[in-house]
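> next one to model:
(chains A and B)
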Amino acid sequence: MSNPRTFQIQEISAHPGPVPGAGTRREDPVCKYIDVTTCIGCKACEVACVEWNDHPFRETTFNNTYQTMPTTEWNYYNLIKFVEDERDGNLMWLLRKDQCMHCEDPGCLRACPADGAIIKYENGIVDFQQENCIGCGYCISGCPFDIPKFNEKTNKVYKCTLCSDRVGQGLEPACIKACPTGCLKFGTKSDMVQIAGLRAKQLREESGFVNAGVYDPQSIGGTHVVYVLHDIKQPERYGLPANPIIPPSYTYWKWLAKPIGLWMGLLGILAVFFHRVAVGPRVPQPEDPPLVETQPDSVEAKRKEQP
Amino acid sequence: MSDVVERFDERARRAADRVGETVVHRGELLRHPVYTRVLHWSVAIFFVLSLLSGFAIYSPWLFRWLAPLFGGGPRTRALHPWFGLLFDLFFFFQFLNWFTPMTWTEADRRWVRRIKEYATSRRGVEPEEVGFFNGGQKIYFWLIAVSAILFLITGLLMWFDNLSGRWVVVVSYVIHDLAALVMLAGFIIHVYEGTSHQPGTFHSMIDGTVTDRWAWTHHPGWFRAVTGRDPRQAYERAKQRQVEREREGLNPPV
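Numbers count the residues shown, from 1 in each chain, chains lettered A, B, ... in the order given. Prediction:
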């Protein structure tokens, strides 16, 4: 079923003025739930992602792990990270499905200088609009999760869309559809956070993972992808930043200092213009005598100066 | 500006002088030879192109206005680094060309202290210590030199962001912007001084010459160096001559 409200735009990158139609409808924010503790690393989600997005075959890279390639790529949005970790002297595989986190406060969108190249829907999905992308790559440096990837051929940046096209039709994302273990779920943010909390509680109380918890980093206002981790105290072990932040260059500098700089420039132009009007030019000395009659004009002399 | 010293850019200078021409009329002095003028305008063209294409990316409020000038956002992004590189290249040659006359001296420090008087007086003749360039021009020159290096370094880091990394880009971005704002401020003043505020100056960058009067008014030290005459005396004499001509009715009302 088509749901037009899903595509209600909430924010537009680098867009002067309000978002057209903002606040006319309300849409429940969506969320992807990923339970790393029940992921078996089958990579069905990787295949489903490539299939649904109609991406061409991409050569894989073998670097002595089961991981398909080192990082996500412009045509490989979804990658299971096979982290070989140690727990109680034994090998422990941390299988984390890596993709765009769809931040509530998206660093890529803050960084983007192109009008309309990155948008965030009311439901929380952050989507790139490649037709407006200028290929500067600022979004790459704005992202705390190293997700946007540059395509050298098209000079555009790509990333996971959370299958906004599928979600718009009332379907779950392709990766969720493909998952055989149920470690991936999709629904409203509040539902997913609640389920994740229950699962973390279960892990703490029944499976001996005393530090199990939900990864939903509040430093960027939460994310529309939440993880259940064995150890929430050390998200770095999974390759996740404990406190992801947006660089101040794309917040304070871009939206505060830059406009001030522009206004100063405008004031500078006005300043020299009015300097010319009020003070006048520095003419080579001695100046030429006036070409016109220098005798006082009898009519003009009687006229009182008026503003 | 000695011709004796064989310089790195000597061949280019000779070639420019051979192709181009500077006509010096009576009562005029050669200020900027062909090579200098060609360099100046090459730097200026690529500065303006860099500025406009850069400010499209700089600000969301300017994006819609400036990006179309270069064929849309992607092309603006693609062209900007090349504009910048060419600006840096031409400025490098201008830097070599002007390095000697731009050397900072004690007189320039005094010039900076007199800046308020300079900005508000309309009929001043500069003191004789002001040579080929005054303190303000030298400040602008060295600002460009520093900015050009900053632009180059930070620009390359942002251009090849896959080699430099996230936080390098983030810091470079701010430095690049700051340099641009400083340059914009300097550029506004430079254009104003070179055109409307000081009549005769623009001519020196187009045709290469200035009048005697312009020289002893704005750069008396340089006037003495090239003519061997005392600028103050020359100025007083010109004034005297004007008074006499007026008395004799040689400046008749039209």
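
> can you tell me the SS state at A:Tyr227?
strand (DSSP: H, G, I helix; E, B strand; the rest coil).

> what's the neighbour count on it?
A total of 25 residues lie near A:Tyr227 under the criterion other Cβ atoms under 10 Å in any protein chain shown. The C-beta positions use only the backbone N, C-alpha and C, and glycine is treated the same way.

> now do the one 5 residues further on
As a burial measure, the neighbour count of A:Ile232 was computed by other Cβ under 10 Å and equals 19.

> ok, it to A:Asp146 distance?
21 Å (Cβ to Cβ, to the nearest Å).

> could you do B:Arg7 as well?
Per Cβ to Cβ, B:Arg7 is found 48 Å from A:Asp146.

> residues contacting the top helix by length along chain A, please?
If you go by DSSP state H, chain A has its longest helix at helix A:258-278. For helix A:258-278, the external contacting residues (Cβ atoms under 8 Å, 6 or more residues apart in numbering or on different chains) are B:58-59, B:61-62, B:119, B:177, B:181, B:184-185, B:188-189, B:192, B:196-197.

> tell me which two in those residues are the farthest apart.
Farthest-apart pair in the contacts of helix A:258-278 is B:Trp61 and B:Ala119; separation 30.4 Å (Cβ to Cβ).

> low-confidence stretches in the chain?
Went with chain A since none was named. Across chain A, the ranges flagged by pLDDT under 70 are A:1-6, A:23-26, A:289-298, A:300-301, A:305-307.

> could you do chain B instead?
In chain B, residues with pLDDT under 70: B:1-5, B:250-254.

> which residues in it form helices?
Using DSSP H, the helices of chain B run over B:10-19, B:34-58, B:60-66, B:73-98, B:106-113, B:115-120, B:135-159, B:161-164, B:166-192, B:201-206, B:212-218, B:220-227, B:231-247.

> between those, which gets nearest to A:Ile119?
Distance to A:Ile119, taken as Cβ to Cβ, is lowest for helix B:60-66 among these, at 13.8 Å.

> which elements pack onto that closest one?
helix A:258-278, helix B:34-58 (3 or more Cβ pairs under 8 Å, 6 or more residues apart in numbering or on different chains; DSSP states H and E).

> returning to what we had before: buried residues in the longest helix of chain A?
By neighbour count on 16 or more other Cβ atoms under 10 Å in any protein chain shown, the buried set for helix A:258-278 is A:Lys258, A:Gly261, A:Leu262, A:Gly265, A:Gly268, A:Val272, A:His275.

> which pair of the residues you listed spans the longest distance?
Using Cβ to Cβ, the two most remote members of the buried residues of helix A:258-278 are A:Lys258 and A:His275, lying 25.7 Å apart.

> show me the contacts for the closest residue to B:Gly200 other than its chain neighbours.
Once flanking residues are discounted, B:Gly200 sits nearest to B:Trp214: 4.3 Å by Cβ to Cβ, 6 or more residues apart in numbering or on different chains. Applying Cβ under 8 Å, 6+ apart, we find B:Trp214 in contact with A:Pro284, B:Gly200, B:Thr201, B:Ser204.

> okay, now A:Ala200: neighbour count?
23.

> distance of the nearest residue to it once chain neighbours are set aside relative to chain B?
Spatially, and ignoring its direct neighbours in sequence, A:Ala200 is nearest to A:Ala212 (4.6 Å; Cβ to Cβ, 6+ apart). Separation of A:Ala212 from chain B (Cβ to the nearest Cβ, to the nearest Å) stands at 30 Å.

> regarding A:Gln67, what is its secondary structure?
Put simply, A:Gln67 is coil when judged by three-state DSSP.

> tell me which element the nearest residue to it once chain neighbours are set aside falls in.
Spatial nearest neighbour of A:Gln67, excluding adjacent residues (Cβ to Cβ, 6+ apart): A:Phe82 at 4.5 Å. Per DSSP states H and E: A:Phe82 is located in strand A:79-87.

> can you list the residues of the stretch 1-150 of chain A near chain B?
Residues of the stretch 1-150 of chain A lying close to chain B by Cβ under 8 Å from any Cβ of the partner chain are A:14-16, A:113-115, A:117, A:132-138, A:140-143, A:146, A:150.
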